[in-house]
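Chemist: Output the structure for:
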Amino acid sequence: MIIKCTDSEPVISEAYRNKPSKPVDSWNLLFDEHMLDIVVEHTNERITEMAAFYGDQALSCQFTNHIEKTELKAFIGLLLLSGAFKSHNEDVSSLWATNLTGRDIFRVTMTSKHFCFLCSALRFDDSSTRADRIQNGDKLAPISELFNLMIVNSQSNYSCGEYMTSDEMLVGFRGRCRYKMYMPNKPNKYLQAKDNVSL
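Modeler: Residues are numbered from 1 along each chain as shown. Prediction:
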């Protein structure tokens, strides 16, 4: 569906004013420092809980230490790199392999144990209030705070032009999700709806 917006004035966004020259500058407009602070805070809360299971060994396991924002950025960078390398089905140990099949940047950034620990400890919300928020109708409670902040940042950094295309696509998905639909007539029978807006 093509929409012509003739009455609306164009919004001059932060991205339009500053014209980010590097990909990381564009990323920082959408995923800002405040959002990183939220992830660091709640991840460290989870790390504290997980470190208790290690008992006295937690003192000697450096990967159970609290993380800082710089370390979180490095972790996110490795996740993005694994996607760029199309490593979504690759075993983690192969990314850190030392037999010339691994990737040096993974080994010099952090250990594989620490990476796996952060994967299991990563949190985006206050787990102590999650049950109440779910009961009050927040189906995306584990990520809703960051999701809403991402929407605000996306809207404030996107300027709609005169012509805009609004569409929807169906994404194949077989995981656990409240929004999953079963449509037997589609190539991917288990689907999620996703809005797609472009100029």
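Chemist: Phi first, then psi, for the most centrally placed residue in the chain.
Modeler: Geometric centre of the chain, nearest residue: I76, 8.2 Å, by C-alpha atoms, centre = their mean. Its backbone dihedrals place I76 at phi -60, psi -40, with angles given as degrees, to the nearest 10.
Chemist: lowest-confidence helix or strand of this structure?
Modeler: Lowest mean confidence among the helices and strands of the chain (mean pLDDT, DSSP states H and E): strand 2-4, at a mean of 46.
Chemist: if we can go back for a sec, the residue nearest to the centre of the chain and D91: what is the separation?
Modeler: 21 Å (C-beta to C-beta, to the nearest Å). The C-beta positions use only the backbone N, C-alpha and C, and glycine is treated the same way.
Chemist: Tell me where this protein has helices.
Modeler: 14-18, 23-30, 33-54, 69-84, 92-95, 104-109, 112-121, 130-135, 144-156 (DSSP state H).
Chemist: Can you say which of those helices is packed in most?
Modeler: Stretch with highest mean neighbour count among the helices of the chain: helix 112-121 (a mean of 17; mean count of other C-beta atoms under 10 Å).
Chemist: Quick check: the nearest residue to L81 once chain neighbours are set aside vs I38, distance?
Modeler: Among residues not flanking L81 along the chain, I105 sits closest, at 6.6 Å (C-beta to C-beta, 6 or more residues apart in numbering). Counting by C-beta to C-beta, the separation of I105 from I38 is 27 Å.
Chemist: Cool, thanks, talk later.
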